[in-house]
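*Asks:* Mind looking at a prediction? Sequence and model below.
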Amino acid sequence: MKKTTRLRQLINAPEILIMPGVYDCLSARIAEMVGFAAIQVTGFGLSAACLGAPDYGLLTMTEMLEQTRRIVRAVAIPVMADGDTGFGNPLNIHRMVQELEDMGAAGVNIEDQVFPKRCGHMTGKQVVPLEEAVARIRAAVHARRDPDFIINARTDAIAVLGVEEAVRRGNAYAGAGADLIFVEAPRSVEEIAYVVKNIKAPVSINMLEDGRTPLIGAAELEKMGVARVSAPLTPLFAAARAMEEALRILKEKGTTAFNRELFTTFPHFSEITGLERYRELESALLTDLEIKLRYGSNEALLRAKEENR
């Protein structure tokens, strides 16, 4: 089954789809390993990981596409890309969507903020006029060649123009061909319920730690009719906290020998990164001499090589 088709099935299923936000290949592989059915690339995370900068619209399309391509190749599950505002006018959006399709992404977020945008839970946001935002969605829909490729139209209108305008925009984007309407930063349970009830398309909500939206469990959101919930910052914030704590200990104590509970193990990390697969490739592709030079009398590798002949 195509990844695009699988993602569409997951969005349209009665059960809510939980998509963690990933920002590199490692976070993507961990999300896949623990059992998530699909993942979301987070622009916030990419900006932090690639630039060490806040989500202020500083990433270029090239940087976003390059990192997304690596993530898509690293996992077997569907990956939704983050297209921000489209990096220009409808022609830029058209190109971006086709680039994403070509690399194997299963969908993309496109939002209605002005360019350069900023994180949806920061102050100082602005949105473009409705007609311009609709043109962005139409360009994305026109560009896709796979009808199952998901166009996820995001509106940041709640913070700027109110929840009624968010609903108006959500319905306009759905009318322009968007498959999923991502309403950013609702401020209460009541606002979530309002947009789900009044937008005539599947609705997606973000849940992020210390954001403007109250943290609500997936089961409750599912009862409210939310189709998808993304957790864009959970892996990033968890990793940042753990790295800071571990490095502080190393700086203060000169060793982490007494704090091993903070760390994964070498064997488990090897499992995450698929070391065994590369061992198998070595046994299949290297010569007997190369194997002996690398591993000495490693009978297991030599036996595996014989089996692969």
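*Replies:* On my side now, so go ahead.

*Asks:* hey, where'd the strands end up in the stretch 1-150 of the chain?
*Replies:* Remark: strands of the stretch 1-150 of the chain, listed N- to C-terminal, are 17-22, 39-41, 79-82, 107-111, 150-155; assignment by DSSP state E, counting those that start in this stretch.

*Asks:* out of these, nearest to residue 241?
*Replies:* Proximity to residue 241, assessed across these by CB to CB, is greatest for strand 17-22 (15.5 Å). Every residue, glycine included, has its C-beta placed from N, CA and C.

*Asks:* what is the rounded mean pLDDT of stretch 248-264?
*Replies:* Computed over stretch 248-264, the mean pLDDT rounds to 92.

*Asks:* residues contacting the nearest residue to residue 109 once chain neighbours are set aside?
*Replies:* Of all residues beyond its chain neighbours, the one nearest residue 109 is residue 152 (4.7 Å), with distances taken as CB to CB, 6 or more residues apart in numbering. When contacts are counted by CB atoms under 8 Å, 6 or more residues apart in numbering, residue 152 touches 80, 107, 108, 109, 110, 178, 179, 180, 181, 182, 204.

*Asks:* Just name the closest of these to residue 139, please.
*Replies:* For the contacts of residue 152, the minimum distance to residue 139 (CB to CB) is 8.7 Å, reached by residue 110.

*Asks:* In this structure the closest one contacts residue 138, no?
*Replies:* No - counting by CB atoms under 8 Å, residue 110 sits too far from residue 138 to count as a contact (10.6 Å).

*Asks:* between these two, which one's more packed in?
*Replies:* Neighbours per residue (other CB atoms under 10 Å) separate residue 110 from residue 138, with residue 110 holding more: 25 against 19.

*Asks:* List the beta-bridge partners for that one.
*Replies:* According to DSSP bridges, residue 153 are recorded as the beta-bridge partners of residue 110.

*Asks:* Count residues in the vicinity of the spatially closest residue to residue 30 that is not a sequence neighbour, would you?
*Replies:* The shortest distance from residue 30 to any non-neighbouring residue, by CB to CB, 6+ apart, is to residue 272 (6.0 Å). The local packing of residue 272 (other CB under 10 Å) involves 13 other residues.

*Asks:* can you list the domain ranges for this protein.
*Replies:* With automatic domain parsing serving as the domain definition, the record reports that the chain contains domains spanning 3-239, 274-309.

*Asks:* What is the neighbour count of the spatially closest residue to residue 155 that is not a sequence neighbour?
*Replies:* Closest residue in space to residue 155, ignoring its immediate chain neighbours: residue 169 at 4.5 Å, by CB to CB, 6+ apart. Neighbourhood size, residue 169 [other CB under 10 Å]: 25.

*Asks:* part of a helix, is residue 169?
*Replies:* Yes - looking at residue 169 with DSSP: H, G, I helix; E, B strand; the rest coil, it is inside a helix.

*Asks:* what about it, distance to residue 236?
*Replies:* 28 Å (CB to CB, to the nearest Å).

*Asks:* so who does the closest residue to residue 40 other than its chain neighbours touch?
*Replies:* Once its chain neighbours are removed from consideration, residue 40 has its nearest residue in residue 19; the separation is 4.3 Å (CB to CB, 6+ apart). Residues touching residue 19, when contacts are defined by CB under 8 Å, 6+ apart, comprise 36, 38, 39, 40, 80, 228, 229, 230, 231.

*Asks:* For residue 204, see how far away the fourth one is.
*Replies:* If I follow you right, that is residue 40. Between residue 40 and residue 204 the distance, using CB to CB, works out to 9 Å.

*Asks:* And the two? Which one has more around it.
*Replies:* residue 40 (29 against 25).

*Asks:* so how far is residue 97 from the more buried one?
*Replies:* Note on residue 40: its distance to residue 97, by CB to CB, is 16 Å.

*Asks:* likewise residue 157?
*Replies:* 23 Å.

*Asks:* before we move on, back to that, hang on, the residue nearest to residue 155 packs against residue 136?
*Replies:* No - judged on CB under 8 Å, residue 169 makes no contact with residue 136 at a distance of 11.4 Å.

*Asks:* which neighbours do the two share?
*Replies:* With CB under 8 Å, 6+ apart, residue 169 and residue 136 have common neighbours residue 112.

*Asks:* For residue 77, give its distance to residue 106.
*Replies:* Taking CB to CB as the measure, residue 77 and residue 106 are separated by 9 Å.
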